[in-house]
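> Let me see the structure of the following:
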Amino acid sequence: MLELAYPWALCLLALPLLMSLIPPYKESRDSVRVPFFDKLVDLSEQRPNGGAIILRSDRLQYFLVGFMWVCLVLAAAKPEWVGAPIEQQKSGRDLMIAVDLSTSMETQDFVLPDGETVDRLQAVKQVLAELANQRAADRLGLIVFGSASYLQAPFTNDHQVWSKLLAETEIGMAGQSTVFGDAIGLAITLFKENTSDNRVLIILTDGNDTGSIVPPIDAAKVAAAYNIRIYTIAIGDPSSVGEEALDIDTIERVAEITGGQSFVALDQQALKRAYHTIALLEPELYETISFRPRQSLHWLPLSVALIFYTLYHGYKTWRAWHGLRRKRGFNAL
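Below you'll find the model as predicted:
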């Protein structure tokens, strides 16, 4: 389908009509009449040649001027060929993962299917790597927290890079404590910078909050105001005491306030079941973007005008040269 990007430029077609209303420029010059011209020729012994010639416009030239003006105006209107609609799908959900890297995560109480015992962080990494492969349509982000919360990976569709940044995390790299509430606060800030309406935060922790600037419950209320759903996964034994104790009440309350769910994972299988449940509650979303490719054709009228201009003046030059040769041939005779 052919369209004009600037159809208003066609108004310039009427400009020559306005120019015709302006009177032509005239200039008078002084001249000297010589009544004895023939005597001057005889005395100078020079043969007079033809003088100045006033070129007169022919019909073809009038047509060419009008035609070229139409071509130039049409090029200024920028004709475009608009192709058929093309649809693309992009991720429709922002999924942020917050991982606790406090020292309690090095407790080796997760048993792999092959019988090997690993620490909690290694078990989390393996399950999250599977999650990244399964959530191809989501934009993933990664927050690590301990004594403070840090952005490890911003939202990205490149899940391979995201998995690599996850693999580089180590226990204690964010400090020894657990600032559960600050991790939620950082996630809220990152979600606010994105335009997606589908926002999900998954938090994995094996301890209780130890001194966040914003308490987890208050942070969850703010997250709910920004339509952020939080799913909390408590890793470890809920009956533990001391520094490794799990604040199950807070963990469950955070998920409840935001419309999410809370889970307790005592082993890797329970951790996988938690992610499977989250996948069912938060199915993959796709946003369809439709656009029509446009190809500019402004060069076509310009090319046509240039070709006609070259042909016309080439023909006029050839006629003048041919006429000059004929005239010199007659003079030689």
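> Is residue 186 in contact with residue 148, as I believe?
No: Residue 186 is beyond contact range of residue 148, at 9.2 Å (criterion: CB atoms under 8 Å). Every residue, glycine included, has its C-beta placed from N, CA and C.
> Which of those two has more residues huddled nearby?
A side-by-side neighbour count of residue 186 and residue 148, using other CB atoms under 10 Å, places residue 186 first with 20 against 15.
> got a list of contacts for the strand or helix carrying that one?
According to DSSP states H and E, residue 186 maps onto helix 180-192. The contact list for helix 180-192, computed with CB atoms under 8 Å, 6 or more residues apart in numbering, reads 94, 96, 98, 100, 141, 143, 145, 148-151, 154-155, 199, 201, 203, 205, 207-209, 212-220, 222-223, 226, 228, 230, 250, 254.
> Pull out the buried residues from the residues you listed.
Among these, those scoring as buried are 94, 96, 98, 100, 141, 143, 145, 149-150, 155, 199, 201, 203, 205, 207-209, 212, 214-216, 219-220, 223, 228, 230, 250, 254 (criterion: 16 or more other CB atoms under 10 Å).
> Restricted to helices, list those residues.
216, 219, 220, 223, 250, 254 (DSSP state H).
> low pLDDT regions in the stretch 201-333 of the chain?
207, 236-245, 283-291, 327-333 (pLDDT under 70).
> one more time with 50, if that's ok
Counting by pLDDT under 50, the stretch 201-333 of the chain shows no low-confidence range.
> Could you pull out the strands in it for me?
228-235, 262-265, 286-291, 294-296 (DSSP state E, counting those that start in this stretch).
> how far does the first one sit from the chain's center?
Between the centre of strand 228-235 and the centre of its host chain there is 32 Å, according to CA atoms, centre = their mean, to the nearest Å.
> Let me see the contact set for residue 206.
Contacts of residue 206 (CB under 8 Å, 6+ apart): 100, 102, 104, 105, 107, 120, 234, 235, 236, 244, 246.
> got JSON lines for those, with distance to residue 82 too?
Putting the contacts of residue 206 into JSON lines (distance: CB to CB, whole Å) gives the following:
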{"residue": "100", "distance to residue 82": "53"}
{"residue": "102", "distance to residue 82": "57"}
{"residue": "104", "distance to residue 82": "61"}
{"residue": "105", "distance to residue 82": "56"}
{"residue": "107", "distance to residue 82": "62"}
{"residue": "120", "distance to residue 82": "56"}
{"residue": "234", "distance to residue 82": "55"}
{"residue": "235", "distance to residue 82": "55"}
{"residue": "236", "distance to residue 82": "60"}
{"residue": "244", "distance to residue 82": "64"}
{"residue": "246", "distance to residue 82": "60"}
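> of the residues you listed, buried ones?
Here, 16+ other CB under 10 Å leaves 100, 102, 104, 105, 107, 120, 234, 235, 236, 246 buried among the contacts of residue 206.
> Isn't the last one up against residue 234?
It refers to residue 246. Yes: the pair residue 246 / residue 234 is scored as a contact, 5.1 Å apart, by CB under 8 Å.
> overlap in contacts of these two?
Common neighbours of residue 246 and residue 234 (CB under 8 Å, 6+ apart) are 206, 264.
> Quick check: the gap between the closest residue to residue 96 other than its chain neighbours and residue 224.
Excluding its sequence neighbours, the residue lying closest to residue 96 (CB to CB, 6 or more residues apart in numbering) is residue 141, at 4.3 Å. Distance from residue 141 to residue 224, counting by CB to CB, to the nearest Å: 19 Å.
> I figured residue 71 was touching residue 301, is that so?
Yes: Residue 71 lies in contact with residue 301 (CB under 8 Å); the separation is 4.0 Å.
> List the contacts of residue 73.
9, 10, 12, 13.
> From those, which land in helices?
Short answer: these have none in helices (DSSP H).
> ranges for the helices of the stretch 1-150 of the chain?
With helices called from DSSP state H, counting those that start in this stretch, the stretch 1-150 of the chain shows them at 15-20, 37-44, 59-76, 120-134.
> would JSON lines of the ones in helices among the buried ones among the contacts of helix 180-192 with distance to residue 323 be doable?
JSON lines is the format used below for these (distance: CB to CB, whole Å):
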{"residue": "216", "distance to residue 323": "98"}
{"residue": "219", "distance to residue 323": "93"}
{"residue": "220", "distance to residue 323": "95"}
{"residue": "223", "distance to residue 323": "89"}
{"residue": "250", "distance to residue 323": "102"}
{"residue": "254", "distance to residue 323": "97"}
